[in-house]
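Engineer: Whatever this is, show me its structure:
(2 chains)
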2 protein chains.
Amino acid sequence: MGELDLIRSFVAGLGERSGRIVRGPGDDAAVVRAEGVAAITTDTVVDGVHFRRSNHSPADIGWKAMATALSDIAAMGAIPGEAYVALGMPDDFGADAARELVAAMDELAALCEVTIAGGDVTAAPVLFATVTAMGWADDADALVGRDGARPGDLIGVTGTLGAAAAGLQLLERGVSDSYELIARHRRPWPLLSAGRALAAAGVSAMIDLSDGLATDARHLAESSGVALHVRLDDLPIAAGVRDVVGDPVELAATGGDDYELLFTCAPERADAMQPAVMPIWIGQVREGSGLELIDGAGRAVELAGFEHL
Amino acid sequence: MGELDLIRSFVAGLGERSGRIVRGPGDDAAVVRAEGVAAITTDTVVDGVHFRRSNHSPADIGWKAMATALSDIAAMGAIPGEAYVALGMPDDFGADAARELVAAMDELAALCEVTIAGGDVTAAPVLFATVTAMGWADDADALVGRDGARPGDLIGVTGTLGAAAAGLQLLERGVSDSYELIARHRRPWPLLSAGRALAAAGVSAMIDLSDGLATDARHLAESSGVALHVRLDDLPIAAGVRDVVGDPVELAATGGDDYELLFTCAPERADAMQPAVMPIWIGQVREGSGLELIDGAGRAVELAGFEHL
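Structural biologist: Presented below is the predicted three-dimensional model:
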């Protein structure tokens, strides 16, 4: 039995948690019971592009691959369901490393009540993982897209920003004295409960912060056909970030991989979501287009390095 | 706008064919209307492992990636629905090549009435494509797994064997004088209509021939807990294969990438499927385990190179 076969059989033995599986791994396709609507996303992480094997363990890599896909399901407000995993494995990535990677994927999946229902393992010259994640909802109205923001809506985020980007900088410098920041980079959490709570509370648009607030807020603005005015002074900067970088506000605005949720909601609904999440209000939706970052004096600011994002 | 953005916007502009799409590409996740059961499979092709850029055009690669995933949907007898595409693109694979690859994926998807409903494009040191394909059925009983073969069942295939493997040998030798064989390797067809017809006709088990009959028949035998006896003399050898290789029977039994369907069915049902497909009967299911290849004199044969498959 070859190494790839070992991994395949390991994938095939993973647990069923979503209660929808008719056929799991091991046939030509998995079969799941379907009703309402399905939300489907696919996300890839590649060695040297999204992580480095030199400073990420196999478990970190598996976790991150699963987390980035499930974060998209969170941003729709969907009930998490199943995940399908495609792995490309180079010769020097051994069977133990591969099992560690898949075990961490499955650990996060289990915490999120997600079933890994299928997979494909292949030889490849570089390590990569593609996770296709599926979530479910009773109907399409229960899900939140990027396109529903309306002028007058408030803009909120679910948590602090900049930690993952600061953690990455520490890793690149070879400094590992801030475990929290590095963990935020290596082991992001998909905010599935928060996403569902926000959807139930009636947010008008939502996106997960994978590429950084400046980039992702612009995506939401474009999809909704509105302008997002974000107050830089109100950005919640993660603890420890100020000790790592010269301009923590810029890092909070542009750093990626935080996987917090950015959302908009009508002002009259803002109080309704307090019990479910603790939203941090950072701006307002206006007529217009694009993203405006506003300083304490109310002036629009250009951040260095923002143009190329 | 960067090259990857161009490709993303191209993917986002692809057509809707399955009639299920609530949200297509461009949000955190696609949203599709769901009912009955969904069949989901994920398949990856990697440069140097499943194809070579030196003898496959970008369009060949896109076609093959889509075909291998849809072939798994065919083998379940499912109604084809949507596909989700993850692409890893190296620097030297330009925007034109990428568009050609995606256009060929979408060409095949269109022919199969499949919608490319989502995608992820990323930089990578090697070209790869992961396609997650979804099919649908009213209920799980309408689909066919690998596990339903019973002793006494007949074993059939939907078409001729060995062409793709012979085509690959020609490509590796740098000989291109048999267009048909090479096309079978570069542009396989997922047999979606045949798969649905076989499922409707009541076949007991089915698998697509991606790794070669000897390997895939063994998978089916293992899943069903039976032995498959296959008569080598009855294997339908594709036209032209005899001119390319010394042992065409061995190639028909072991060569991969034909993407014909292998299936089993109770003898009393065999006539029922004649109008839908023209099954070629190649053996019989018996009590026992594994695969036995039988020669004209009724003796079990070992094929050279079969052990390592």
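Engineer: For the longest helix along chain A, what is the distance to the chain centroid?
Structural biologist: For chain A, the helix that runs over the most residues, judged by DSSP state H, is helix A:58-76. Chain-centre distance of helix A:58-76: 6 Å, with CA atoms, centre = their mean, to the nearest Å.
Engineer: Just after it, pick out the following helix or strand.
Structural biologist: strand A:79-89 (DSSP states H and E).
Engineer: Is chain B within reach of that following strand?
Structural biologist: Yes: Strand A:79-89 reaches chain B (CB under 8 Å from any CB of the partner chain) through A:Glu82, A:Tyr84, A:Val85, A:Ala86, A:Gly88. Where C-beta positions appear, they are placed from N, C-alpha and C, glycine not excepted.
Engineer: which residues does A:Leu291 bridge with?
Structural biologist: A:Leu291 has the following beta-bridge partners by DSSP bridges: A:Leu228.
Engineer: Hmm, it is touching A:Glu222, no?
Structural biologist: No: contact criterion CB atoms under 8 Å: A:Leu291 and A:Glu222 do not qualify, at 9.3 Å.
Engineer: Those two: which is more packed in?
Structural biologist: A:Leu291 (23 against 16; other CB atoms under 10 Å in any protein chain shown).
Engineer: distance of that one from A:Val285?
Structural biologist: Separation of A:Leu291 from A:Val285 (CB to CB, to the nearest Å): 11 Å.
Engineer: who touches both of the two?
Structural biologist: Each of A:Ala227, A:Leu228 lies in contact with both A:Leu291 and A:Val285 under the rule CB atoms under 8 Å, 6 or more residues apart in numbering or on different chains.
Engineer: Following element in sequence after the least confident helix or strand in chain A by mean pLDDT, please.
Structural biologist: The weakest-scoring helix or strand in chain A, judged by mean pLDDT, DSSP states H and E, is helix A:3-12 (a mean of 71). For helix A:3-12, the succeeding helix or strand toward the C-terminus, using DSSP H and E, is strand A:21-23.
Engineer: could I get the residues of strand A:79-89 next to chain B as a markdown table with neighbour count and pLDDT?
Structural biologist: Listed next are the residues of strand A:79-89 next to chain B as a markdown table, based on neighbours: other CB atoms under 10 Å in any protein chain shown; pLDDT from 0 to 100:
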| residue | neighbour count | pLDDT |
| --- | --- | --- |
| A:Glu82 | 27 | 97 |
| A:Tyr84 | 28 | 96 |
| A:Val85 | 29 | 96 |
| A:Ala86 | 27 | 96 |
| A:Gly88 | 27 | 96 |
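Engineer: A:Glu180: which of those is nearest?
Structural biologist: A:Val85 (28.2 Å; CB to CB).
Engineer: wait, doesn't A:Thr132 sit right on A:Gly81?
Structural biologist: No: look at A:Thr132 against A:Gly81 with CB under 8 Å: they stay out of range, at 11.2 Å.
Engineer: So for those two, which sits in the more crowded spot?
Structural biologist: Shown here are A:Thr132 and A:Gly81; by other CB under 10 Å, A:Thr132 has more neighbours (28 against 25).
Engineer: how far off strand B:128-137 does whichever helix or strand that one is part of point, in degrees?
Structural biologist: Counting by DSSP H and E, the element that carries A:Thr132 is strand A:128-137. For strand A:128-137 against strand B:128-137, the angle by axes from the mean of the first three to the mean of the last three CA atoms, to 10 degrees is 30 degrees.
Engineer: Tell me the helix or strand right after strand A:128-137.
Structural biologist: With secondary structure assigned by DSSP H and E, strand A:128-137 is succeeded by strand A:154-157.
Engineer: Packing partners of that following strand?
Structural biologist: Here strand A:154-157 touches strand A:227-231, strand A:261-265, strand A:280-286, going by 3 or more CB pairs under 8 Å, 6 or more residues apart in numbering or on different chains; DSSP states H and E.
Engineer: After it, which helix or strand is next?
Structural biologist: helix A:163-173.
Engineer: And for that next one, what's in contact with it?
Structural biologist: Contacts for helix A:163-173 (CB under 8 Å, 6+ apart): A:52, A:55, A:176-178, A:180-186, A:188, A:212, A:238-241, A:244-245, A:251, A:254-259.
Engineer: So which bits of that helix are buried?
Structural biologist: By neighbour count on 16 or more other CB atoms under 10 Å in any protein chain shown, the buried set for helix A:163-173 is A:Ala163, A:Ala164, A:Ala165, A:Ala166, A:Gly167, A:Leu168, A:Gln169, A:Leu170, A:Leu171.
Engineer: could the residues you listed be laid out in a markdown table, adding distance to A:Val277?
Structural biologist: Shown next, in a markdown table, are these (distance: CB to CB, whole Å):
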| residue | distance to A:Val277 |
| --- | --- |
| A:Ala163 | 18 |
| A:Ala164 | 19 |
| A:Ala165 | 22 |
| A:Ala166 | 23 |
| A:Gly167 | 23 |
| A:Leu168 | 26 |
| A:Gln169 | 28 |
| A:Leu170 | 28 |
| A:Leu171 | 29 |
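Engineer: Can you tell me which of those comes closest to A:Ile116?
Structural biologist: Among the buried residues of helix A:163-173, and counting by CB to CB, the member closest to A:Ile116 is A:Ala164, at 24.3 Å.
Engineer: mind listing what the residue lying closest to the closest one once chain neighbours are set aside touches?
Structural biologist: Once flanking residues are discounted, A:Ala164 sits nearest to A:Asp257: 3.7 Å by CB to CB, 6 or more residues apart in numbering or on different chains. Going by CB under 8 Å, 6+ apart, A:Asp257 touches A:Ala164, A:Ala165, A:Leu168, A:Arg184, A:His185, A:Pro188, A:Ser210.
Engineer: export the residues you listed to a markdown table and tack on pLDDT and distance to A:Ile73?
Structural biologist: Formatted as a markdown table, those follow (pLDDT from 0 to 100; distance: CB to CB, whole Å):
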| residue | pLDDT | distance to A:Ile73 |
| --- | --- | --- |
| A:Ala164 | 95 | 19 |
| A:Ala165 | 95 | 23 |
| A:Leu168 | 93 | 24 |
| A:Arg184 | 92 | 20 |
| A:His185 | 93 | 21 |
| A:Pro188 | 95 | 14 |
| A:Ser210 | 96 | 13 |
